[in-house]
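J.: From the sequence below, what's the structure:
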Amino acid sequence: MNNKKALAIGYLSLLAAVLVFILGITITDAFSDSGNLDSWQTMRLIERHLQDGRTDLSSGQLPSVARTLYEKAIFYGIDYRLALAIMAVESNFQNDAVSSAGARGIMQIRPILASEIAKEAGIQYREASDLFDPAKNVRLALHYLSWLSSIFKNTSEVLLAYNIGHNGAKRRLSRAGDAESPYTRRVMDEYRRNKTTLPAL
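T.: Numbers count the residues shown, from 1 in each chain. Alright, predicted model coming up:
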């Protein structure tokens, strides 16, 4: 009788442990799906996304860039997944990238733009080489995206302006009437993919 009781208790304990494990997974999945990950978890996902994109950021730079992107995305009301999409298309996550137009860094900021917006963004900017500081580059980019968002009416228009400048975008929109371009399509495709794999804030 004692052996049977002990066996029954053992089975019940095992069953309870399995149920707790399953319940824990279900709660975690529901928590994740709701987009309510805490800041540390989200920043780790950003780091992993950059690593999966084969970024040239060092292991020392990754946490700083992830934190900057996370915090400034919240501050400016910009979806960090959109910023990551721009990063992928602009530089393929390469911090040492330099375009034919002279744009630099992971989000491809031109020195002339940086000099115009740095003070307003509260960022110390001295010279073009500052744009190879990835956290500073991201801060400038999100400030600029926020400003563009206050001028243009939708994400595609903001992306067009990010790509060709706000004056060029206004001229293009007045002629063509829409922001459709190879660049905006590529970023929007990347953005849609990011939204399926990364949580909203």
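J.: pretty sure Leu159 is in contact with Tyr183, am I right?
T.: Yes. Checked against C-beta atoms under 8 Å, the pair Leu159 and Tyr183 is within contact range at 6.9 Å. Where C-beta positions appear, they are placed from N, C-alpha and C, glycine not excepted.
J.: Between those two, which has more neighbouring residues?
T.: For the pair Leu159 and Tyr183, the greater number of neighbours falls to Leu159 (27 against 18), based on other C-beta atoms under 10 Å.
J.: mean confidence for stretch 181-195?
T.: For stretch 181-195, mean pLDDT rounds to 98.
J.: list the buried ones in it?
T.: Neighbour counts over stretch 181-195 (16 or more other C-beta atoms under 10 Å) mark Ser181, Tyr183, Thr184, Arg186, Val187, Met188, Glu190, Tyr191, Asn194 as buried.
J.: Looking at the residues you listed, which are in helices?
T.: Tyr183, Thr184, Arg186, Val187, Met188, Glu190, Tyr191, Asn194 (DSSP state H).
J.: In CSV, list these along with distance to Ala97.
T.: Below are those laid out as CSV (distance: C-beta to C-beta, whole Å):
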residue, distance to Ala97
Tyr183, 15
Thr184, 20
Arg186, 16
Val187, 16
Met188, 21
Glu190, 16
Tyr191, 20
Asn194, 20
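J.: ok, so of these, who is nearest His49?
T.: Comparing those against His49 with C-beta to C-beta places Asn194 closest, at 7.7 Å.
J.: wait, doesn't the closest one sit right on Arg81?
T.: Yes. Applying C-beta under 8 Å as the test, Asn194 and Arg81 come out as touching, 3.8 Å apart.
J.: Run through the helices of the protein in chain order.
T.: Using DSSP H, helices in the chain cover 2-33, 39-52, 61-76, 80-91, 111-121, 134-151, 155-164, 166-176, 182-197.
J.: How many neighbouring residues does Ala176 have?
T.: Residues near Ala176, counting by other C-beta under 10 Å: 11.
J.: ok, back up a step: now flag whichever of the ones in helices among the buried residues of stretch 181-195 is closest to Arg110.
T.: The closest of those to Arg110 turns out to be Tyr183 (C-beta to C-beta; 15.3 Å).
J.: Might you report the residue contacts of that closest one?
T.: Val89, Leu159, Leu160, Asn163 (C-beta atoms under 8 Å, 6 or more residues apart in numbering).
J.: Mean pLDDT per helix and strand in the protein: which one sits at the bottom?
T.: Lowest on mean pLDDT, DSSP states H and E among the helices and strands of the chain sits helix 2-33, with a mean of 48.
J.: what's the nearest residue to Glu127 if we skip its chain neighbours?
T.: Pro111 (7.7 Å; C-beta to C-beta, 6 or more residues apart in numbering).
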